[in-house]
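**Q** I would like to see how this sequence folds:
(one chain, ligands or ions: 1)
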Amino acid sequence: MNIPRTSFPRIIIIGGGFAGVALAKKLSKQDLQVVLLDKNNYHTFQPLLYQVSTGGLEPDSIAYPIRKILKDFPNFHFRLANVGEIDVEKNKVITNIGKLKFDYLVVASGSTTNYFGNAAIEKYSMAMKTIPQSLNLRSLILENFEDALLTSDLNERNALMNFVIVGGGPTGVELAGALAEIKKGILPKDYPDLDTRLAQIHVVQSGNCILKGMSANASQKAEDFLEKLGVNVWKNVRVTNYDGKTVTTNTDLTFETATLIWAAGVKGANIKGLDAERFVTRGNRLLVNEFSQIKGFEHIFAIGDVACMINEEHPKGLPMMAQPAIQQGNQLGDNILRLIEEQPMNPFSYKDKGSMATIGRNKAVVDLKRFKFQGVFAWYVWMFVHLFFLIGFRNRMVVFINWVYNYVRFDREARLIIRPFKKKLE
Ligand SMILES: Cc1cc2nc3c(=O)[nH]c(=O)nc-3n(C[C@H](O)[C@H](O)[C@H](O)COP(=O)(O)OP(=O)(O)OC[C@H]3O[C@@H](n4cnc5c(N)ncnc54)[C@H](O)[C@@H]3O)c2cc1C
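**A** Numbers count the residues shown, from 1 in each chain. As a prediction, the model looks like this:
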């Protein structure tokens, strides 16, 4: 991999997401050699992926080169590498570009879509976890309308204009809101010869409320907002199968659709070598202690989505969200320095800064520790927080200008089929 051997201890970080970047920033200023490996050369701001899928933002405004984030640190090395295995006996990572020894290893590989073992859904549905997946979804949505224009078969046309989103968490809710706005504001202008009023958006949620992790008020208000936008919310309904045409559920309800979007869950993106049962707990996440150490190791850690840190308040592990990932990255940076200096490490304590979701123009719900609010003010708060956490001045400016433009013009200009998506139908 062409990484020089120095007298400094070598720390390998797998993953340049929220957790990995926060940790690398902390450690790269120190007398340590920090090597960050990621299969992409960019950091993805996942909370805004749905805006890429719906033509509101260009993908490059929510991605940022990892090398640029850490360009000022001489002891920092980045390699574009897919880590396939970790050899915990020999303290080595094995990647597609070679092997590398470590003194300390931090697994920050995030999560992947969880289909709960349903191969048909995995094959035919659309996920929205990465930028390429979001671009596929953007293409498919637009291709559907182009196809709907051509067909004279009414059932086929309706299926092309039906969108079924599985999962009523923030991702499903935000995507549904954005699709509803496209239906109202953009489709009639783009497809005047198509009756786009027939387009339908469904959110299917297995539980009895949407935005389950938020307050009852936020959940109810989000549902009201979606209803106002014409989205059908189906609660207590579990999607059981999809053959590329028909969605079946555990009730009598079925949907004919060309687009099933799976936003119903994620699981830890664990890596071979740490996948034995003794390391892994629910959701394929690595069980870690309060210092982020993986069971049985002093020098191998996991942080972010892939890590499951259990405490009294979070018996199922900390939420798979950006804040725990960033806070764990920061804290582990301090702890690794303490470990090297042979000082006791400090246990991690999660500071919950709240959660939020936007349902569309002037519509958002925000739950902070002390205040919970919904509506226009919440929408401004949502926008401010997302701009604040985006990496890079240019990205912030581009996103801000896009949002202002979209708001004033009721538009989403990035509705482009740049890389056509081929459906996997046989
Ligand atoms: C659509 C969507 C919307 C979301 N919205 C919100 C939100 O509004 N608020 C919120 O707090 N959270 C949100 N989240 C969750 C949040 O994005 C994650 O919790 C957060 O990204 C976790 O950070 P992480 O560093 O653990 O992993 P990630 O940010 O996923 O980063 C993992 C990195 O590891 C790399 N990697 C993985 N495996 C390998 C390998 N084998 N070799 C090399 N590199 C590898 C990946 O390329 C990636 O860069 C959302 C997630 C999604 C998908």
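**Q** what bits of the stretch 301-426 of the chain have low per-residue confidence?
**A** Across the stretch 301-426 of the chain, the ranges flagged by pLDDT under 70 are 424-426.
**Q** Tell me the residue of it that sits nearest the ligand?
**A** G304 (2.1 Å; CB to the nearest ligand atom). Bear in mind the C-beta positions are built from the backbone N, C-alpha and C, glycine included.
**Q** Setting aside sequence-adjacent positions, which residue approaches that residue most closely?
**A** A19 (3.0 Å; CB to CB, 6 or more residues apart in numbering).
**Q** quick check, that neighbour in a helix?
**A** Yes. If the criterion is DSSP: H, G, I helix; E, B strand; the rest coil, then A19 is within a helix.
**Q** Count the residues that sit near the residue of the stretch 301-426 of the chain closest to the ligand.
**A** 32 (other CB atoms under 10 Å).
**Q** my guess is it contacts L23, does it?
**A** No. If you go by CB atoms under 8 Å, G304 and L23 don't touch, sitting 9.2 Å apart.
**Q** Overlap in contacts, the two.
**A** A108, G329 (CB atoms under 8 Å, 6 or more residues apart in numbering).
**Q** Please report how far the residue nearest to G304 lies from the ligand.
**A** 3 Å (CB to the nearest ligand atom, to the nearest Å).
**Q** Start at 604, not 1
**A** That works, and once the first residue is 604, the last one we named lands at A622.
**Q** which residues sit in contact with the residue of the stretch 904-1029 of the chain closest to the ligand?
**A** Here G907 is in contact with G618, G620, F621, A622, G623, A711, S712, G713, P927, A928, Q931, G932 (criterion: CB under 8 Å, 6+ apart).
**Q** can you rerun that using 7 Å?
**A** Applying CB atoms under 7 Å, 6 or more residues apart in numbering to G907 gives the contacts G620, F621, A622, A711, G713, A928, Q931.
**Q** Would you reformat these as a markdown table and include distance to F681?
**A** Formatted as a markdown table, the contacts of G907 follow (distance: CB to CB, whole Å):
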| residue | distance to F681 |
| --- | --- |
| G620 | 14 |
| F621 | 16 |
| A622 | 16 |
| A711 | 14 |
| G713 | 17 |
| A928 | 19 |
| Q931 | 21 |
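**Q** could you show me where the helices are in the stretch 854-1003 of the chain, in order?
**A** 925-943, 979-992, 996-1012 (DSSP state H, counting those that start in this stretch).
**Q** Report all helices and strands that the shortest one contacts.
**A** With contacts defined as 3 or more CB pairs under 7 Å, 6 or more residues apart in numbering; DSSP states H and E, the secondary structure elements packing on helix 979-992 are strand 958-963, strand 966-970, helix 996-1012.
**Q** Leaving out the residues flanking it, which one is nearest to the residue nearest the centre of the chain?
**A** Compute the mean C-alpha point of the chain, and by CA atoms, centre = their mean the closest residue is Q649, 4.1 Å away. For Q649, ignoring the flanking residues on the chain, the nearest one in space by CB to CB, 6+ apart is K732 at 7.3 Å.
**Q** What about the one you found, how many residues nearby?
**A** K732: 19 neighbours (other CB under 10 Å).
**Q** what's the distance between it and the ligand?
**A** Taking CB to the nearest ligand atom, one finds K732 at 5 Å from the ligand.
**Q** Roughly how far does that residue sit from L743?
**A** Counting by CB to CB, to the nearest Å, the gap from K732 to L743 is 15 Å.
**Q** Give me the pLDDT for the residue in the stretch 604-753 of the chain that the ligand sits nearest to.
**A** In the stretch 604-753 of the chain, the residue that lies nearest the ligand is G620 (1.9 Å; CB to the nearest ligand atom). In this prediction, G620 carries a pLDDT score of 98.
**Q** can you check K870 too?
**A** 97.
**Q** what residues are up against it?
**A** Neighbouring residues of K870 by CB under 7 Å, 6+ apart: S714, T715, N717, G886, N887.
**Q** among those residues, which two are most distant?
**A** Across the contacts of K870, no pair lies farther apart than T715 and G886, at 10.8 Å, counting by CB to CB.
**Q** count of neighbours near A879?
**A** 9.
**Q** ok, now the one 5 residues further on?
**A** The burial count assigned to T884 is 18, neighbours taken as other CB under 10 Å.
**Q** Let's verify the closest residue to N835 other than its chain neighbours: helix, strand, or coil?
**A** Leaving aside its sequence neighbours, N835 sits nearest to H805 (CB to CB, 6+ apart; 4.7 Å). Per three-state DSSP, the secondary structure class of H805 is strand.
**Q** Tally up the residues packed near H805, please.
**A** Neighbour tally, H805, other CB under 10 Å: 20.
**Q** Let me know the distance separating it from the ligand.
**A** Applying CB to the nearest ligand atom to H805 and the ligand gives a distance of 18 Å.
**Q** so what's that residue bridging to?
**A** Going by DSSP bridges, H805 is paired in beta bridges with V767, N835.
**Q** My guess is it contacts G770. True?
**A** No. Applying CB atoms under 7 Å as the test, H805 and G770 come out as separate, 11.6 Å apart.
**Q** Any residues of this protein in contact with the ligand? List them.
**A** 617-623, 640-643, 649-650, 652-653, 685-686, 711-714, 731-732, 773-774, 872, 874, 907-908, 923-926, 928 (CB under 6 Å from any ligand atom).
**Q** Next, find the distance separating L1019 from D796.
**A** The value you get for L1019 to D796, if CB to CB is used, is 21 Å.
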